[in-house]
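K.L.:
Predicted model and sequence follow; I will ask about them next.
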Amino acid sequence: MRQPLSPSATAPPPAGTLLVPAVLGTVYDVPPPVTPATGAPQLWLVDAGVHRAVAGRYAPATLDAEELTRAAQFRYDDDRDSYVCAHVALRRLLGAYLRMPPRSVAVSRAPCAHCGGPHGRPVLPGDTLHFSLSHCAGLSLLAFATTPVGVDVESVPEPRTVAETADVLHPREAAELALLSPAERPPAFTRVWTRKEAYLKGCGVGLSDNPAADYVGSGPVPTAPDGWTLTDVLVPEGHCAAVAIRTPAGPD
């Protein structure tokens, strides 16, 4: 069983500090809705191994038709369980934040930052609450904020995978990885990748953008692109995670 983590902070942490997500309760208990602090995301961790049975019971009354159709299309039970757990948790949390039934929450897509098509980042009516969702291998991470936010969680890959994909990173990041020992390289690569994907998801472009374009660093302290705050997230061993949040605009 994965070790429980303590609730996330409500203010931006010092550089190099890991944000700690709150762990969703075993019966999908949802806290009283509290708007995230300006400039700080609220994070939630969902373990499909804990929630799969309860999520399956909630799903028909919680997910919309598109989500139920998508869930039915998964070939493998583990992938379907991970998706259902993540999306049931997302809707129940959104319902708590917005004070409405989870299934009534209207989620749409912002225009793509590249082409203007309707496949940008997910958005809510009123644009006062922003969210992001990532899941892998039965573990999901959700982020909520008052400005655009992106989150990513990944399993640490095998060394061979790192060797095959390191060339898609920024040249400085690839050079940093090349200086590390073989044992250090996979977790460092995963730190880079989660930081990069969290940022790109927050921008609303995802991996349709060039992952090599922006430098986020492989060391213990992320390097955030201009206008963004980038922070690593504490997740169970064998995983890395990061959250990116757009810096609130100051007064004119």
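P.N.:
Yep, that arrived. Numbering: from 1, shown residues only.
K.L.:
Low-confidence stretches in this protein?
P.N.:
Applying pLDDT under 70 to the chain flags residues 1-16, 26-33, 113-114, 116-119, 207-208, 249-252.
K.L.:
Looking at it, which helix is longest?
P.N.:
Counting residues, the longest helix found in the chain (DSSP state H) is helix 77-98.
K.L.:
Now find how far off-centre the helix or strand just after it is within its chain.
P.N.:
For helix 77-98, the following helix or strand on the C-terminal side (DSSP states H and E) is strand 108-109. In terms of Cα atoms, centre = their mean, to the nearest Å, the centre of strand 108-109 is found 17 Å from the chain centre.
K.L.:
residue ranges for the strands of this protein, please.
P.N.:
Counting by DSSP state E, the chain has strands at residues 22-23, 42-47, 108-109, 122-123, 130-136, 139-145, 149-155, 228-233, 239-246.
K.L.:
As a markdown table, these with distance to residue 91 and mean neighbour count would be great.
P.N.:
C-beta here means a position set from N, CA and C on the backbone, and glycine is covered the same way. A markdown table is the format used below for the strands of the chain (distance: least, Cβ to Cβ, whole Å; neighbours: other Cβ atoms under 10 Å):
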| stretch | distance to residue 91 | mean neighbour count |
| --- | --- | --- |
| strand 22-23 | 17 | 16 |
| strand 42-47 | 12 | 24 |
| strand 108-109 | 14 | 12 |
| strand 122-123 | 12 | 16 |
| strand 130-136 | 11 | 22 |
| strand 139-145 | 11 | 26 |
| strand 149-155 | 17 | 26 |
| strand 228-233 | 22 | 23 |
| strand 239-246 | 20 | 26 |
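K.L.:
could I get these as CSV with distance to residue 164?
P.N.:
Below are the strands of the chain laid out as CSV (distance: least, Cβ to Cβ, whole Å):
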stretch, distance to residue 164
strand 22-23, 33
strand 42-47, 29
strand 108-109, 31
strand 122-123, 30
strand 130-136, 18
strand 139-145, 23
strand 149-155, 15
strand 228-233, 24
strand 239-246, 18
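K.L.:
Run through the helices of the stretch 151-252 of the chain in chain order.
P.N.:
Ranges of helices in the stretch 151-252 of the chain, per DSSP state H, counting those that start in this stretch, are 159-165, 171-178, 185-203.
K.L.:
any idea which of these is most buried?
P.N.:
Neighbour counts (mean count of other Cβ atoms under 10 Å) averaged over each of the helices of the stretch 151-252 of the chain peak at helix 185-203, with a mean of 25.
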